[in-house]
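> using only what follows, build the 3D model:
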Amino acid sequence: MLTRRDLMKSGLVVVMGGAFMPTIFSRAIAMAAADKPASTAGTTPNKTLIVVQLAGGNDGLNTVIPYADSRYLQLRPHLGIPTDQVVQLDSQIGLHPSLKALKPLWDGGKLSIVENVGYDHPSLSHFQAMDIWQTADPLNTRHEGWLSTLVGGSVDSQGHPVNALSLGPALAPALCCPAVPPPALTSLADYKMQPDIRYPNGRTAREDALNRLYASYTAPAPYAALLDATSQTAEVSSQQLQDAALGHVPTSGATYPKGGFGDGLKLLAALITKDLGLRVGYIVLGGFDTHANQAKHHADLLQTLADGITAFQTDLVGQGKADNVVLMTWSEFGRRAAENASLGTDHGTAAPVFVVGNTIKGGLKGDRPDLGNLDNGNLRFATDFRSVYATVLDNWLQADSAAILGQKFSHLAFL
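Numbering: from 1, shown residues only. Sure thing, here's the model as predicted:
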C-alpha cells in the first residue's frame, strides 16, 4: 500500500518518470526544470502556421504541370495529363484536374505556388530526405526540428497543451524536441483520462483516485504547487479540446473530406475558432510514394488535399479567422521527370510548395522546372527550401530565422 510518507519520499521520481501521470504533467515539470526562454521564438499571439506534410514524395510535375512544354508529354506518354484536362493557371502551367477546387483560391490571390523547391546534393532516401526537411539541414548534422525552438519558447511558454499540436501517432520531427515538447494526438479520444480496459465502467473512480493521490502531494514538497496547478490545467484543457471539437460547426459550404486528414484539419479549425491559443499545427497526408500505377492513386490524394485545404480555408473565412492563419505544404522530394515501366514515377528531387492564406501574396514564385536541362533524369532545383522557411519565420511568425536555421536565407515574395 502506498502511504503519504512513501509518496513524499519517492514522489519526485514518480513525477519525473511519468509512471502515473498524463503527458501534460511531465511536460510542466520539464518546463519548470528547464525554465529558460527561447530568444529566437516569435511573439505573434494572433498568428497561426499550419504545416501539411505530403509524405512519400509528391509528384510535382503532375501537381503543377508545365503543359505548354512539349517535353512534358514526351517524358510521360501514359501518366502525363492531357492539356485539355489541365486546370490552367496561365499560358504555361496549370494544376492537376483533381486540384480544381484550389482554382478559386488562386484567382482570389490566396494561393501562392513556389516552384522547383529543393537543395544541393539531394537525397533520394525517404528517411534521410525527411530528416533534411524537418531539421532544415542538408548536411544532416542537426537533430532538432526547424520549429522546435519556436514551439519550445514563447509559443509554449506556459506549458499550454494546445499552443502547438502535432496530429498523428508521434510528434512530428519538425517540432522535436525542445525541453517542453508539444503533444501529439492521434484522436481526441486520446486526450483525456483513459479507463482501465479491464474495468470500463470505473473511469470516474480512477479519476477520483488519481486526483486524491496528487492532492496528497502538498507544499513544501518539490514542485507541489506546480503539480497541483498542472493537474487542474490538464483536466480543463482536455475538456476544452473536447468541447471545441464537438461544438464546432463548420461554415456553410465547408465540407471536409472523410478520413483522418479532413478530421485533423477540422480539429485545427475548431481550435483556431475557439481561440484556444493554437500557434503551430502540424498534419500529415501520406501515400505519395507512387512507384507503380500512379494515375488514380495520385489523383485521389490530390483530391483529398484540395478538398481539405478548401474546406479549411472556407471554414476560417466564415468564422472570421482567416486573416490570422497561413497554411503551407511540403514533401521530402518530387519524382523523376520521366515515368517508369510500371506506370509510376521513381524518387526524384525538386517539387512545388503551396502556401495558402488570406493575407499572402498569391501567384507563382521561384523559377520553373527546366525539362531541357535535367540532372541524370531529375529536375535541378531553383529555390532552396530554407528560403520558404525563412519567409514564414521572419514575415509571419516574427521569429529570428537566421538564429533558427543557422544562417540567413533570402525571402520569397509570398508574404
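
> quick one: the helices in the stretch 151-300 of the chain, in order.
For the stretch 151-300 of the chain, helices defined by DSSP state H, counting those that start in this stretch occupy the ranges 203-215, 224-247, 260-273, 294-318.

> list the residues that contact the residue most central in space within the chain.
Within the chain, one residue has its C-alpha closest to the average C-alpha position: by CA atoms, centre = their mean, that is residue 282, at 2.2 Å. Taking CB atoms under 8 Å, 6 or more residues apart in numbering as the criterion, residue 282 is in contact with 50-51, 53, 147, 164-168, 172, 174-175. For glycine as for every other residue, the C-beta is placed from the backbone atoms N, C-alpha and C.

> possible to save those as a markdown table with pLDDT?
Conversion of the contacts of residue 282 to a markdown table gives the following (pLDDT from 0 to 100):
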| residue | pLDDT |
| --- | --- |
| 50 | 98 |
| 51 | 98 |
| 53 | 98 |
| 147 | 94 |
| 164 | 86 |
| 165 | 87 |
| 166 | 90 |
| 167 | 90 |
| 168 | 83 |
| 172 | 93 |
| 174 | 96 |
| 175 | 92 |
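
> from those, which is closest to residue 261?
Using CB to CB, residue 167 is the member of those that lies nearest residue 261, at 9.1 Å.

> what pairs with the closest one across the strands?
Judged by DSSP bridges, the bridge partners of residue 167 are residue 185, residue 283.

> circling back to that earlier point, mean pLDDT for the helices of the stretch 151-300 of the chain: which is lowest?
When the helices of the stretch 151-300 of the chain are compared on mean pLDDT, helix 224-247 scores lowest, with a mean of 59.

> buried ones in stretch 376-390?
Residues of stretch 376-390 classed as buried: 378-379, 381-390 (neighbour count, 16 or more other CB atoms under 10 Å).

> just the residues contacting that stretch, thanks.
When contacts are taken as CB under 8 Å, 6+ apart, the neighbours of stretch 376-390 outside the stretch itself are 60-61, 114-120, 122, 133, 136, 146, 328, 330, 334, 336-338, 348-350, 353, 355, 365-370, 373-374, 401-402, 405, 408-412.

> same thing but 6 Å
114, 116-119, 136, 146, 336-337, 348-350, 353, 366-367, 369, 401, 405, 409-410, 412 (CB atoms under 6 Å, 6 or more residues apart in numbering).

> now the end-to-end length of that stretch.
The first and final residues of stretch 376-390 sit 30 Å from each other (CA to CA, to the nearest Å).

> for the record, mean pLDDT for that stretch?
Mean pLDDT, taken over the full extent of stretch 376-390, equals 97.

> rewinding a little: among the contacts of residue 282, which lie within strands?
If you go by DSSP state E, these have 50-51, 53, 164-167 in strands.

> bridging residues for residue 375?
In this structure, residue 375 has beta-bridge partners residue 378, where bridges are defined by DSSP bridges.

> identify the farthest-apart pair in the ones in strands among the contacts of residue 282.
Based on CB to CB, the longest span within these runs between 53 and 164 and measures 15.1 Å.

> so between the two, which is more surrounded?
Here residue 53 and residue 164 are set side by side on neighbour count (other CB atoms under 10 Å), and the busier one is residue 164, at 29 against 24.

> which of the contacts of residue 282 sits closest to residue 278?
residue 165 (6.3 Å).

> grab the nearest non-local neighbour of residue 260.
Using CB to CB, 6 or more residues apart in numbering and skipping the chain neighbours, the partner closest in space to residue 260 is residue 167 (8.0 Å).

> and residue 357, how far from residue 63?
In this structure, residue 357 and residue 63 are separated by 19 Å, where distance is defined by CB to CB, to the nearest Å.

> coming back round to it: now the ones in strands among the contacts of residue 282 in JSON lines, with distance to residue 295?
As requested, those are arranged in JSON lines below (distance: CB to CB, whole Å):
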{"residue": "50", "distance to residue 295": "29"}
{"residue": "51", "distance to residue 295": "28"}
{"residue": "53", "distance to residue 295": "23"}
{"residue": "164", "distance to residue 295": "37"}
{"residue": "165", "distance to residue 295": "34"}
{"residue": "166", "distance to residue 295": "32"}
{"residue": "167", "distance to residue 295": "28"}
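
> buried subset of those residues?
50-51, 53, 164-167.

> wait, which of these is closest to residue 184?
Relative to residue 184, the closest of those is residue 166; by CB to CB it sits at 4.2 Å.

> so who does the residue nearest to residue 99 when sequence neighbours are not counted touch?
Closest residue to residue 99 in three dimensions, ignoring its sequence neighbours and counting by CB to CB, 6+ apart: residue 306, at 4.6 Å. Neighbour list for residue 306: 99, 101-102 [criterion: CB under 6 Å, 6+ apart].

> at 10 Å what do you get?
Listed by CB atoms under 10 Å, 6 or more residues apart in numbering, the contact partners of residue 306 are 87, 95-96, 98-103, 105, 257, 354.

> mind checking which of the residues you listed are in helices?
Secondary structure assignment by DSSP state H places 103, 105 of the contacts of residue 306 in helices.

> most neighbours of all the contacts of residue 306, which one?
Taking other CB under 10 Å to define a neighbour, the member of the contacts of residue 306 with the most is residue 95, carrying 27 neighbours.

> quick one: residue 112 is in a strand?
Yes. The secondary structure assignment for residue 112 places it in a strand, going by DSSP: H, G, I helix; E, B strand; the rest coil.

> contact partners for the nearest residue to it once chain neighbours are set aside?
For residue 112, ignoring the flanking residues on the chain, the nearest one in space by CB to CB, 6+ apart is residue 414 at 3.8 Å. The neighbours of residue 414, taking CB under 10 Å, 6+ apart as the test, are 111-114, 326, 328, 353-357, 360-366, 388, 391-392, 395-396.
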